[in-house]
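# Sequence plus the predicted model coming up.
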Amino acid sequence: MRALFNEFLLVNHFNSLTTVEDAVLTANTGADAIQKAPIVDYDTGVRCIRVGDMTNNRSFHAWGFTKVTDDVFKRYQLHKDDIVVTRTASIGLNTIIAENLSAVYNNGLIRLTVNHSKILPLFLYRQFQTVDFTNYIARIESETSVRPNMKINYLLKYEFVLPPMDKQKELIDLLAPMLNQQNALITESKHLENLRDTLLPKLMSGEIDVSDIEI
């Protein structure tokens with residue numbers, strides 16, 4: 001997908017540049033991880049995505065539960081087409097939210113609310129997968145202290161080529177089948193992992209008897 005995205009931009013010779021700041025409506029860090037969105041060991045109905053979830057590519061159902069007030073939930077709830085970017089530890093990792101979630105994000109992350117009249121959310125998300133963006137993040141990391149920490153303004157200043165809306169749609173239509181297949185494989189993989197984690201302890205303890213199963 002990365003190669004197709006880059007090839008599309010090169011072949012069409014687009015020369016209109018924009019910045020993340022011009023492409024989004026809002027950009028905010030998340031709720032304080034200790035004071036406002038602490039992780040708890042019981043089901044609250046609300047999950048919280050953290051940097052560790054991004055670095056380990058965890059799906060929504062593997063995020064930890066958090067206890068938040070109604071005001072905090074309303075302010076930091078993740079909505080369809082939001083793009084979340086890590087700003088600490090491994091900075092620049094990103095994901096796009098596929099649907100409205102009963103979940104918030106903490107202050108290790110930046111949430112971008114895309115301006116749909118200027119850019120397709122999937123186009124901006126794919127731009128964040130390019131070598132150009134990776135190199136931009138690498139320059140930021142080289143300028144920070146021992147513990148990487150990306151300020152929102154650094155992300156907002158990132159400049160990239162922005163095709164007209166009809167060309168964005170054309171590209172996303174090409175990428176959509178591959179994106180859907182990728183998401184399906186991730187979902188299937190996580191389901192198998194959860195099944196393994198549920199069944200293996202029972203097999204080891206003898207709770208499940210497999211002695212009569214013929215292979």
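Yep, that arrived.
# Next, the buried residues of the host helix or strand of Asn153.
Assessed by DSSP states H and E, Asn153 sits inside helix 152-156. Buried positions in helix 152-156, judged by neighbour count with 16 or more other Cβ atoms under 10 Å: 152, 154-156. Every residue, glycine included, has its C-beta placed from N, CA and C.
# a markdown table please, covering those residues and showing pLDDT.
What follows is these, written out as a markdown table (pLDDT from 0 to 100):
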| residue | pLDDT |
| --- | --- |
| Ile152 | 94 |
| Tyr154 | 94 |
| Leu155 | 96 |
| Leu156 | 97 |
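# Leaving out the residues flanking it, which one is nearest to the one residue sitting closest to the centre of the chain?
Note on the chain: the residue nearest the mean C-alpha position is Thr95, at 1.7 Å, using Cα atoms, centre = their mean. Distances taken as Cβ to Cβ, 6 or more residues apart in numbering put Val84 closest to Thr95, at 5.5 Å, once the chain neighbours are dropped.
# How about that neighbour: which residues does it bridge to?
Thr95, Arg111 (DSSP bridges).
# Give me the pLDDT for it.
The per-residue pLDDT reported for Val84 equals 98.
# For the residue lying closest to Arg50 once chain neighbours are set aside, what are phi and psi?
Once flanking residues are discounted, Arg50 sits nearest to Asn106: 5.5 Å by Cβ to Cβ, 6+ apart. Torsion angles at Asn106 (phi, psi; degrees, to the nearest 10) stand at phi -100, psi -180.
# Kindly report the same for the one 3 residues further on.
Summarising the backbone geometry of Leu109 under the convention degrees, to the nearest 10, its torsions are phi -130, psi 160.
# Double-check it against Ser90; I have them as touching.
No: contact criterion Cβ atoms under 8 Å: Leu109 and Ser90 do not qualify, at 11.5 Å.
# More neighbours: which of the two?
Leu109 (28 against 13; other Cβ atoms under 10 Å).
# how far away is that one from Asp53?
Relative to Asp53, Leu109 is positioned 9 Å away (criterion: Cβ to Cβ, to the nearest Å).
# what stretches of this structure score poorly on pLDDT?
Applying pLDDT under 70 to the chain picks out residues 1-14, 144-147, 178-191, 208-215.
# tell me the secondary structure for Tyr105?
Put simply, Tyr105 is strand when judged by DSSP: H, G, I helix; E, B strand; the rest coil.
# can you tell me which residues contact it?
30-31, 48-50, 76, 78, 84, 111 (Cβ atoms under 8 Å, 6 or more residues apart in numbering).
# now, which of the residues you listed lie within strands?
Members of these lying in strands (criterion: DSSP state E): 48-49, 84, 111.
# is it true that the residue nearest to Arg50 touches Gly30?
Yes: at 4.5 Å, Asn106 counts as touching Gly30 under the criterion of Cβ under 8 Å.
# Name the residues contacting each of those two.
Contacts common to Asn106 and Gly30, judged by Cβ under 8 Å, 6+ apart, are Ala37.
# quick revisit: any idea how many residues pack against the residue nearest to Thr95?
20.
# Could you check how far it is from Pro201?
Distance of Val84 to Pro201, given as Cβ to Cβ: 32 Å.
# Could you do Ala62 as well?
Note on Ala62: its distance to Pro201, by Cβ to Cβ, is 17 Å.
# The two: which has the busier surroundings?
Taking other Cβ under 10 Å, Ala62 and Pro201 do not tie; Ala62 has more neighbours (14 against 11).
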